[in-house]
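*Asks:* Sequence isn't available, so here's the structure alone:
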């Protein structure tokens with residue numbers, strides 16, 4: 001968990017620019033033809049500046065422009081969204097009764113997915129981010145009554161205490177997601193967050209989903225791009241530069257063994273570690289949108305880990 005003793009340049013929940021950028025990619029995917037799109041987020045336009053222009057341009061032109069700038073970037077983010085969607089739908093149809101979204105940002109997964117009416121959902125974020133989000137939502141939205149917003153100051157407050165005060169039940173199996181965050185925070189912050197979640201869920205089963213950027217993206221970018229990807233190193237620098245320019249620099253990169261070790265030390269076993277390479281054939285190929293190898297961008301790894309309970 002993030003405390004005063006965890007030295008961080010940015011809180012994991014202070015990424016408005018990034019949140020808007022991801023929402024834009026969800027909007028672009030949503031305006032694709034229904035039989036070709038990978039995800040559907042009818043609320044994404046509420047969080048995108050210039051949403052009208054994005055819609056006017058249409059799906060194909062927006063994706064074409066994205067490919068010109070950074071091939072595979074749009075598909076990477078959309079495959080990440082779909083991967084988590086699939087995890088949540090599958091898990092909550094079974095034994096899992098609670099879902100905690102750490103750093104929810106402008107994600108509307110809790111509203112756009114048809115989830116069990118009995119599922120308790122906790123969206124954890126800073127109060128200012130939640131205020132902006134809730135101002136764009138309505139009580140008529142799906143699952144609205146099932147969501148508890150947990151505002152937290154991570155420099156001074158405990159995740160465990162805030163969740164417990166909000167009605168979190170330690171006896172119920174729970175899914176935690178930490179999406180697109182680990183590169184912005186220190187190793188100590190990630191480890192302590194996983195440690196606190198493990199303690200919080202020690203009485204029952206839990207799933208911890210986390211994404212991470214491969215350390216090779218920082219040291220040897222070519223290894224994270226498909227064969228023949230144009231100007232891989234240059235584009236890796238562009239991605240990191242854009243993040244830093246937005247005030248959200250990437251400070252932490254990992255290899256698979258390190259992530260496995262952090263999770264294992266806290267009682268979690270990895271069930272799946274996927275990238276766009278695998279998800280390209282799972283999601284895009286069936287709808288005729290498979291990327292060629294020279295457009296594959298394995299920007300992040302998507303990890304599903306289950307408790308050893």
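*Replies:* Received it, and whenever you're ready, just let me know what you need. This one's a predicted model, so the numbers in the text were calculated from it and none came from an experiment. Residues are numbered from 1 along each chain as shown.
*Asks:* ok, residue 201 touching residue 306?
*Replies:* No - counting by CB atoms under 8 Å, residue 306 is not a contact partner of residue 201; they are 10.8 Å apart. All C-beta atoms are positioned from the backbone trio N, CA, C, and that covers glycine.
*Asks:* With neighbour numbers in mind, choose between the two.
*Replies:* For residue 201 versus residue 306, neighbours defined as other CB atoms under 10 Å are more numerous around residue 201 (26 against 18).
*Asks:* which residue packs closest to that one, ignoring adjacent ones?
*Replies:* Of all residues not flanking residue 201 in the chain, residue 174 sits nearest, at 5.8 Å (CB to CB, 6 or more residues apart in numbering).
*Asks:* Skipping adjacent residues, who's closest to residue 93 in space?
*Replies:* residue 116 (7.0 Å).
*Asks:* And that neighbour, how far from residue 98?
*Replies:* Distance, residue 116 to residue 98, by CB to CB, to the nearest Å: 11 Å.
*Asks:* For these two, indicate the residue with more neighbours.
*Replies:* Taking other CB under 10 Å, residue 116 and residue 98 do not tie; residue 98 has more neighbours (25 against 14).
*Asks:* So what sits opposite the more buried one in the bridge?
*Replies:* residue 120, residue 174 (DSSP bridges).
*Asks:* I'd guessed it sits against residue 176; true?
*Replies:* No - using CB under 8 Å, residue 98 is not in contact with residue 176, being 9.2 Å away.
*Asks:* shaky segments in the stretch 101-250 of the chain?
*Replies:* Scanning the stretch 101-250 of the chain for pLDDT under 70 picks out the ranges 154-155.
*Asks:* What is the burial count for residue 85?
*Replies:* Applying other CB under 10 Å, I find that residue 85 has 17 neighbouring residues.
*Asks:* Quick check: buried residues in the helix or strand where it lies?
*Replies:* Element membership for residue 85 (DSSP states H and E) is helix 73-92. For helix 73-92, the neighbour count (16 or more other CB atoms under 10 Å) marks 73-85, 87-88, 91-92 as buried.
*Asks:* what residue lies at the spatial centre of this structure?
*Replies:* Nearest to the mean C-alpha position of the chain, by CA atoms, centre = their mean, lies residue 179 at 2.4 Å.
*Asks:* How about the contacts made by it?
*Replies:* Neighbouring residues of residue 179 by CB atoms under 8 Å, 6 or more residues apart in numbering: 80, 84, 103, 107, 209-211.
*Asks:* Quick one: residues contacting residue 170.
*Replies:* When contacts are counted by CB under 8 Å, 6+ apart, residue 170 touches 164, 200-201, 203-204.
*Asks:* wait, is it part of a strand?
*Replies:* No - if the criterion is DSSP: H, G, I helix; E, B strand; the rest coil, then residue 170 is coil and not within a strand.
*Asks:* Strands along the stretch 1-150 of the chain, start to end?
*Replies:* Ranges of strands in the stretch 1-150 of the chain, per DSSP state E, counting those that start in this stretch, are 98-102, 120-125, 147-151.
*Asks:* Is it correct that residue 73 is in contact with residue 63?
*Replies:* No - if you go by CB under 8 Å, residue 73 and residue 63 don't touch, sitting 9.9 Å apart.
*Asks:* what's the most buried one of the strands of the stretch 1-150 of the chain?
*Replies:* strand 98-102 (a mean of 25; mean count of other CB atoms under 10 Å).
*Asks:* Show me what that one is in contact with.
*Replies:* Under CB under 8 Å, 6+ apart, the answer for strand 98-102 is 12, 88, 92, 107, 109-110, 115, 119-124, 163, 168-169, 172-178, 181, 193.
*Asks:* And those residues, which of them are buried?
*Replies:* With burial judged by 16+ other CB under 10 Å, the buried subset of those is 12, 88, 92, 107, 109-110, 115, 119-124, 163, 168, 172-178, 181, 193.
*Asks:* now residue 144: how far from residue 110?
*Replies:* 9 Å.
*Asks:* now do residue 266
*Replies:* Applying CB to CB to residue 266 and residue 110 gives a distance of 25 Å.
*Asks:* Please report the distance of residue 157 from residue 290.
*Replies:* Distance from residue 157 to residue 290, by CB to CB: 45 Å.
*Asks:* between these two, which one's more packed in?
*Replies:* Shown here are residue 157 and residue 290; by other CB under 10 Å, residue 157 has more neighbours (16 against 13).
*Asks:* residue farthest from the centroid of this structure?
*Replies:* residue 228 (27.7 Å).
*Asks:* Tell me how many other residues surround the closest residue to it other than its chain neighbours.
*Replies:* Spatial nearest neighbour of residue 228, excluding adjacent residues (CB to CB, 6+ apart): residue 294 at 3.6 Å. Neighbours of residue 294 under the rule other CB under 10 Å: 14.
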